[in-house]
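[1] Prediction below, plus the sequence it came from.
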Amino acid sequence: RKEVEQDPGPFNVPEGATVAFNCTYSNSASQSFFWYRQDCRKEPKLLMSVYSSGNEDGRFTAQLNRASQYISLLIRDSKLSDSATYLCVVNMGFMNYGGSQGNLIFGKGTKLSVKP
Amino acid sequence: DTGVSQDPRHKITKRGQNVTFRCDPISEHNRLYWYRQTLGQGPEFLTYFQNEAQLEKSRLLSDRFSAERPKGSFSTLEIQRTEQGDSAMYLCASSLAPRTGSGNTIYFGEGSWLTVV
């Protein structure tokens, strides 16, 4: 079983649609969680961290369910510029403490294409 | 530009040759990471340094791969006797080591593309 699993998509949606991505992780000891965005042939960039209570950043909402080991990302009112691959990422280290774990574990990514 | 920089950005080499990539992290960042990404996959962790100490290495980092960060600033990743399966984008990233009350956002460079022919 992969450590981080995502539906690869592609998700093809019209502008203005709401789209949701899901991700599951296998290691219950994982401590910090993120969504990264990656444009074609570019480096990944942090979109948002995911907190246990859920968090929102503009049109983006992230949720974490530790019991089910499940992370989600919701994009509302999607824009053409949202077209990209969205990578679910977990880390064994604590986000805000001197954790010893350095590596991020990435899913394969979910491709989103927003059409006019 | 004060982000993570990588050099070269693109490298085509013949099978069996050695290649070396360089990474210059964001100047105040004490952690430096190397990842590899192939088409259709997410980045895979290779190794990371805190200052000059190599703290973690993935099983993906075979004997042909070696990474160094001799003065705790820039880092090099060398691949010896390259194979076609080494063709990938090699990503460098940097961050501050996390401290209580602060996050440790990891910033990636634009990557070095390797093609082994």
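    That came through, no problem. Residues are numbered from 1 along each chain as shown, chains lettered A, B, ... in the order given.

[2] pLDDT at residue 16, what is it?
    Since no chain was named, I'll use chain A. Looking at residue A:16, its pLDDT reads 97.

[3] try again with chain B
    Per the predicted model, pLDDT is 97 at residue B:16.

[4] Spatially nearest residue to it (excluding sequence neighbours)?
    The spatially closest residue to residue B:16, leaving aside those adjacent along the chain, is residue B:81, at 5.6 Å (Cβ to Cβ, 6 or more residues apart in numbering or on different chains). In short, each C-beta sits where N, CA and C put it, glycine included.

[5] Could you check the pLDDT of the one you found?
    pLDDT recorded at residue B:81 is 97.

[6] burial count for the residue in chain B positioned nearest to chain A?
    Per Cβ to the nearest Cβ, residue B:42 is where chain B lies closest to chain A, at 3.2 Å. By the criterion of other Cβ atoms under 10 Å in any protein chain shown, residue B:42 has 23 neighbours.

[7] Also residue B:2?
    7.

[8] of all of chain A, which residue lies closest to chain B?
    Counting by Cβ to the nearest Cβ, chain A gets nearest chain B through residue A:106, at 3.2 Å.

[9] how about the residue nearest to that residue when sequence neighbours are not counted, what does it touch?
    With Cβ to Cβ, 6+ apart as the criterion, residue A:106 has its nearest non-adjacent residue at 3.2 Å, and that residue is residue B:42. Taking Cβ atoms under 8 Å, 6 or more residues apart in numbering or on different chains, we find residue B:42 in contact with A:4, A:87, A:89, A:106, A:107, A:108, A:109.

[10] now with 10 Å?
    Contacts of residue B:42 were listed using Cβ atoms under 10 Å, 6 or more residues apart in numbering or on different chains, and they are A:2, A:4, A:6, A:36, A:38, A:44, A:85, A:87-89, A:104-109, B:35.
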